[in-house]
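Colleague: Any chance you could fold what I've pasted below:
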Amino acid sequence: MPDFQFEKEIISQGYRSIAGLDEAGRGALFGPVVAASVIFPASWINEKKRGWLKEIDDSKRISPTKREILARLILIHSDAIGIGMASSAEIDEKNIHWASFEAMKRAFMSMPIVPDFLLVDGFRLNDVNYPQMDLPKGDQKSISIAAASIIAKVTRDRMMKRLDLVFQGYALSKNKGYGTREHYDALQKLGPTALHRHSYNLEGKR
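Modeller: Residues are numbered from 1 along each chain as shown. The predicted structure follows:
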């Protein structure tokens, strides 16, 4: 389970506002990649984990119901949250690697508090003039990153439910834009929409 080990090390170096960053939707066929940035109170980091903080984990390892509950608690108790997105058109124009990093940059830059250190899931953010640490599988190691993964996932899932009302027939509420058999069958029948990622393989395995 993630903890505040890395945050403690960073605070010991004199930093205070530590932003955890993660994204959701990297592997989807439809819609944007969504990133979130979360700053917890520095005073929490050296304390024993509070009750609900013990439940924070990689969003992929948490049920949808628990993600919604934890997202509300994170929104209420964090010092700052930012959301950033990169559209399917940007993904097609550039690539998903660029789009994921751009969404994370947009997320932390949208926060009302300027972070003084970034904890990033995966790889370092290029062209960012902030102290940072990249953590492979960071959403399984750092509470700040795991909280960002939850916010990003909940935000994107809610978006997919709304878009399902507009782009009917693709079961977006169910598959959240990912490449399920049902989604591929719908693509064969209806064709791709303007929000599908046309640079991806939309035909599935043959």
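Colleague: only C-alpha atoms for contact and neighbour calcs from this point on.
Modeller: Will do.
Colleague: This protein: helices as residue ranges?
Modeller: 5-11, 42-45, 64-77, 88-93, 96-109, 143-166, 172-175, 181-190 (DSSP state H).
Colleague: looking at these, which has the lowest confidence?
Modeller: Note on the helices of the chain: lowest mean pLDDT is at helix 42-45, with a mean of 87.
Colleague: contacts for it?
Modeller: With contact meaning CA atoms under 8 Å, 6 or more residues apart in numbering, helix 42-45 is reached by Phe4, Glu7, Lys8, Ile11, Arg16, Ser17, Ile18.
Colleague: let's see it at 7 Å
Modeller: Helix 42-45 is contacted by residues Phe4, Glu7, Lys8, Arg16, Ser17 when judged by CA atoms under 7 Å, 6 or more residues apart in numbering.
Colleague: Out of these, which is nearest to Leu119?
Modeller: Taking CA to CA as the measure, Leu119 sits nearest to Glu7 out of these, at 8.3 Å.
Colleague: tally of neighbours for the closest one?
Modeller: For Glu7, the neighbour count with other CA atoms under 10 Å is 25.
Colleague: residues touching it, list them.
Modeller: Glu7 is in contact with Ile45, counting by CA under 7 Å, 6+ apart.
Colleague: before we move on, the earlier item: distance to His198 added to the contacts of helix 42-45, as TSV?
Modeller: Compiled in TSV, the contacts of helix 42-45 are given as follows (distance: CA to CA, whole Å):
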residue	distance to His198
Phe4	40
Glu7	39
Lys8	43
Arg16	42
Ser17	39
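Colleague: Give the buried subset of those residues as a PyMOL selection command.
Modeller: In PyMOL, this line selects whichever of those come out buried by 16 or more other CA atoms under 10 Å:
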select buried, resi 4+7+8+16+17
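Colleague: Out of the contacts of helix 42-45, flag the one nearest to Asp134.
Modeller: Nearest to Asp134, judged by CA to CA, of the contacts of helix 42-45 is Glu7 at 12.5 Å.
Colleague: From Ala186, how far out is the closest one?
Modeller: Noted for Glu7: a distance of 45 Å to Ala186, by CA to CA, to the nearest Å.
Colleague: Over to Lys141?
Modeller: Taken as CA to CA, the span from Lys141 to Ala186 is 37 Å.
Colleague: out of these two, which sits in the more crowded spot?
Modeller: Neighbour count, other CA under 10 Å: between Lys141 and Ala186, Lys141 has more, with 20 against 16.
Colleague: List the residues that contact the residue nearest to Ser149 when sequence neighbours are not counted.
Modeller: Leaving aside its chain neighbours, Ser149 sits nearest to Asp22 (5.1 Å; criterion: CA to CA, 6 or more residues apart in numbering). Neighbour list for Asp22: Ala35, Ala36, Ser37, Met104, Val120, Asp121, Ile145, Ala148, Ser149 [criterion: CA under 7 Å, 6+ apart].
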